[in-house]
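Peer 1: Structure for this input, please:
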Amino acid sequence: MLQQISFKNFKNFENASLQLGPFTLLIGANASGKSNIRDAFRFLHGIARGYTLAEIMGEKYIEGGVLQWRGIRGGIKEAAYMGEPSFSLSVGFEVLGDDRFFPAKTVYSIEVRPVTGNGGPLVVNESLYEENQMVFDTNTDSGDSLGNEPGLVRVRVRAGGKFKKGQIESCSAHQPVLTQLAKRIEGKRKDKAARESVHAINGTVAALNAFRFLDLDPDAMRMPSFPGQTILGDRGENLSSVLQAICEDTARKKALVEWIRELTPMDASDFQFIADQTGKILLNLVEENGHVVSAYSASDGTLRFLAMIAALLGPRADRLYFFEELDNGLHPARLHLLLQLVERKAMEGKVQMIGTTHSPQLLRALGKNSVAHASLVYRHPESHRAGIRRIVNMDGIMEILEKQDLARLHESGWFEDAVYFSDENEDSP
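Peer 2: Residues are numbered from 1 along each chain as shown. You can find the predicted model right below:
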């Protein structure tokens, strides 16, 4: 599980950290920085997919001119805070290895120089530490992080065997070291330290690759799909075939029916999946009275509920989901039911979720465990600088919550006022 992500000179975060729980809710005004947090997670996800820095921050096309990856908003020009030459991201989490009884605490960090002239963005520094022990680090004894050749970064790898002081490798600075190093080590070393390093690197890549960013589009959710396509697309593609796979399991189908009946006004009792002449199937919801509603005519809110349920209950769920505007398109009277689903799945420990919201109704329904991991993202009124503050860490908040609920405080702007006042006191001599 991810425990923390830290930002230095990234977008509008000069220096900030976000503590993460099973379900982390982010609140804050528009343009405060919530979407920049999403960009940071997407940057890390792009690393795990093996892309170069230029592809992560720009775009990635595959054969036939098909767009495979949409870059980070603002590209290289707006990646660093207020024109700083570089930015850094650091993430702390636990990697559960197959041959370990206890999870290993891992910290991965990368510093990037986004604008370098004609050569494209470069890695400045990068490291991976497991249980406070180095797996690899670009801070070599030479003090020259880019080595002697342009476009290369020197990397020290954990010592082992004859490599008593650690193995030095040169990797391309145009691509994160994390996705270059494992094959290099395997090709040169067979000692225990090498195997442990490869295991830690591969575990980190797997953890960062298990991110999903759902930006659900009703038109995409209404598209038929082929049976067996069991990965829900970020826009909701393959919804019909993912739901069909869920319905093949009696217990999961029962849970699906119960949730859709709770979350929508429909009296749904069953699902049908009708095939067209090409073999693609389309979801049909069957109500108790026999009335059939196809995905074509189902409401946007119903489809959004179905897609979120499919993501969490589907046969190929990922480890972390980022839901932007969690409450978008959902009736306020049913937000508490959506939260029940999200919080229940998060507490099972198999799926971690991050969501953003502007909804006071959603905050009003937030459970105590989720309140403990909710954070305010704010922008200082007199500067471009953004900050992050856990709600439970604000001065006097526990006493205030005994008299006021989160929704009322959010509506009144109390959270922003509280952090602005706190920041002013910290900055004063």
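Peer 1: how far away is the closest residue in space to Gln175 that isn't next to it in sequence from Ile110?
Peer 2: Leaving aside its chain neighbours, Gln175 sits nearest to Thr52 (4.6 Å; criterion: Cβ to Cβ, 6 or more residues apart in numbering). Every C-beta, even on glycine, is put in place using the N, C-alpha and C of the backbone. Distance of Thr52 to Ile110, given as Cβ to Cβ, to the nearest Å: 13 Å.
Peer 1: More neighbours: which of these two?
Peer 2: Ile110 (23 against 18; other Cβ atoms under 10 Å).
Peer 1: That one touches Ile47, doesn't it?
Peer 2: Yes. Checked against Cβ atoms under 8 Å, the pair Ile110 and Ile47 is within contact range at 7.3 Å.
Peer 1: Find residues that contact each of the two.
Peer 2: Pro176, Leu178 (Cβ atoms under 8 Å, 6 or more residues apart in numbering).
Peer 1: now the helices: where do they sit in the stretch 151-300 of the chain?
Peer 2: Ranges of helices within the stretch 151-300 of the chain are 181-188, 192-209, 218-221, 239-247, 250-263, 300-313, based on DSSP state H, counting those that start in this stretch.
Peer 1: same question for stretch 273-284, mean pLDDT?
Peer 2: Averaging pLDDT along stretch 273-284 yields 96.
Peer 1: what's the span of that stretch, first residue to last?
Peer 2: Stretch 273-284 stretches 6 Å from its first residue to its last (Cα to Cα, to the nearest Å).
Peer 1: Can we start the residue count at 37 from this point?
Peer 2: Right, with 37 as the first residue, what we last looked at is stretch 309-320.
Peer 1: Could you tell me which residues within it count as buried?
Peer 2: Phe309, Lys316, Ile317, Leu318, Leu319, Asn320 (16 or more other Cβ atoms under 10 Å).
Peer 1: what comes into contact with it?
Peer 2: Against stretch 309-320 from outside (Cβ under 8 Å, 6+ apart): 260-263, 275-277, 279-280, 283, 307-308, 328-332, 334, 342.
Peer 1: Pull out the buried members of those.
Peer 2: Buried members of those, scored by 16+ other Cβ under 10 Å, are 260-261, 275-277, 279-280, 283, 307, 329, 331, 334, 342.
Peer 1: Just the closest of the residues you listed to Phe59, please.
Peer 2: Leu342 (20.2 Å; Cβ to Cβ).
Peer 1: any idea how far Phe123 is from Lys439?
Peer 2: When Phe123 is compared with Lys439 (using Cβ to Cβ), they lie 41 Å apart.
Peer 1: doesn't Tyr165 fall inside a strand?
Peer 2: Yes. Counting by DSSP: H, G, I helix; E, B strand; the rest coil, one finds Tyr165 located in a strand.
Peer 1: Identify the bridge partners of it.
Peer 2: Val143, Met170 (DSSP bridges).
Peer 1: following the helix or strand hosting Ile390, which helix or strand comes up?
Peer 2: Applying DSSP states H and E as the criterion places Ile390 in strand 388-393. Counting by DSSP H and E, the element after strand 388-393 in chain order, helix or strand, is helix 396-400.
Peer 1: so what secondary structure elements neighbour that next one?
Peer 2: strand 59-63, helix 371-383, helix 442-448 (3 or more Cβ pairs under 8 Å, 6 or more residues apart in numbering; DSSP states H and E).
Peer 1: now with 6 Å?
Peer 2: helix 442-448 (3 or more Cβ pairs under 6 Å, 6 or more residues apart in numbering; DSSP states H and E).
Peer 1: Residues contacting the helix it packs on, please?
Peer 2: Pro396, Leu399, Arg400 (Cβ atoms under 6 Å, 6 or more residues apart in numbering).
Peer 1: any idea which of those is closest to Gly69?
Peer 2: Nearest to Gly69 among the contacts of helix 442-448, with distances taken as Cβ to Cβ, is Leu399, at 18.6 Å.
Peer 1: Leaving out sequence neighbours, find the closest residue to Ile436.
Peer 2: Nearest one to Ile436, counting by Cβ to Cβ, 6+ apart, is Leu445 at 7.2 Å.
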